[in-house]
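S.K.: here you go, sequence then predicted model.
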Amino acid sequence: MSRILVLVRHGQSEWNLLNLFTGWKDPDLTAQGVKEATAAGARLKALGYKYDIAYTSVLTRAQHTLRLILDQVGQPGLETIKDQALNERDYGELTGLNKDDARAKWGEEQVHIWRRSFDVPPPGGESLKNTAERTLPYFNAQILPRVLKGENVLVAAHGNSLRSIIMDLEKLTGEEIVARELNTGEPIVYELNEDGSIKSKKVLAA
Ligand SMILES: O=C(O)[C@H](O)COP(=O)(O)O
């Protein structure tokens, strides 16, 4: 029984490339993002796992990443569940703004607090803590039980929705998780024990 859980942030999106706060907006992958997702799939294929189910958000960049990975691992028809609980954190009024323009307007420190504090939400948006309040109930009710019963599960989602899940899995503090950067298209492969603790963890870096 292998109990594999793969978490992967989508490949580079059009708005990542333009340096815009994205949140719940729905840009697709860039050509570079397509390459990253395809390469992530090839690295997963080399591990040789077969997956029982996949989960993703309702946003195009995560779904497209998942499709490219499933093609690579030879499971293009795998059952996939899409849920907005896995969406990126909502960036509120920052959505669509250039990150450098936002720093010029509100100051470097304030923008850093909005991006990397645990519980200070940007105006009208979600903090990482607020994001965890929707991702974790979903993860613990829908995704984790499938892994614990011995299935292999792939999750393609977003920097901050995945951070909130990683925080819980790895038992990190708010301070520790906000310091963790997730690269686009870089799968993290966990093998879990029966009680949900981590047996092994591999980061499949490019
Ligand atoms: O929504 C966004 O803009 C990014 O995907 C993540 O943003 P961050 O680097 O500020 O967490």
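M.R.: In hand now; what should we look at?

S.K.: and the contacts of the helix or strand where residue 34 lies?
M.R.: Using DSSP states H and E, residue 34 maps to helix 31-47. The contact list for helix 31-47 (CB atoms under 8 Å, 6 or more residues apart in numbering) reads 6, 8, 10-13, 16-17, 29, 61, 64-65, 68-74, 154, 184-187, 189, 204, 206. C-beta here means a position set from N, CA and C on the backbone, and glycine is covered the same way.

S.K.: show me those that map onto helices.
M.R.: Using DSSP state H, the subset of these located in helices is 16, 17, 61, 64, 65, 68, 69, 70, 71, 72.

S.K.: buried sites along the lowest-mean-pLDDT helix or strand in the chain?
M.R.: Between all helices and strands in the chain, the lowest mean by mean pLDDT, DSSP states H and E belongs to helix 174-178, at a mean of 93. By neighbour count on 16 or more other CB atoms under 10 Å, the buried set for helix 174-178 is 177, 178.

S.K.: who are the packing partners of it?
M.R.: helix 128-138, helix 159-169 (3 or more CB pairs under 8 Å, 6 or more residues apart in numbering; DSSP states H and E).

S.K.: buried deepest among the ones you listed, which one?
M.R.: Per residue and on average, the most neighbours among those fall to helix 159-169, with a mean of 23 (mean count of other CB atoms under 10 Å).

S.K.: list the contacts of that one.
M.R.: Contacts of helix 159-169 (CB under 8 Å, 6+ apart): 5, 7, 9, 57, 85-89, 128, 131-132, 135-136, 139-140, 155, 172-174, 176-178, 180, 182, 188, 190, 196, 198.

S.K.: mind listing what the closest residue to the ligand within the chain touches?
M.R.: Nearest residue of the chain to the ligand: residue 22, at 3.6 Å (CB to the nearest ligand atom). By CB under 8 Å, 6+ apart, the contact list for residue 22 reads 13, 15, 16, 88, 91, 95.
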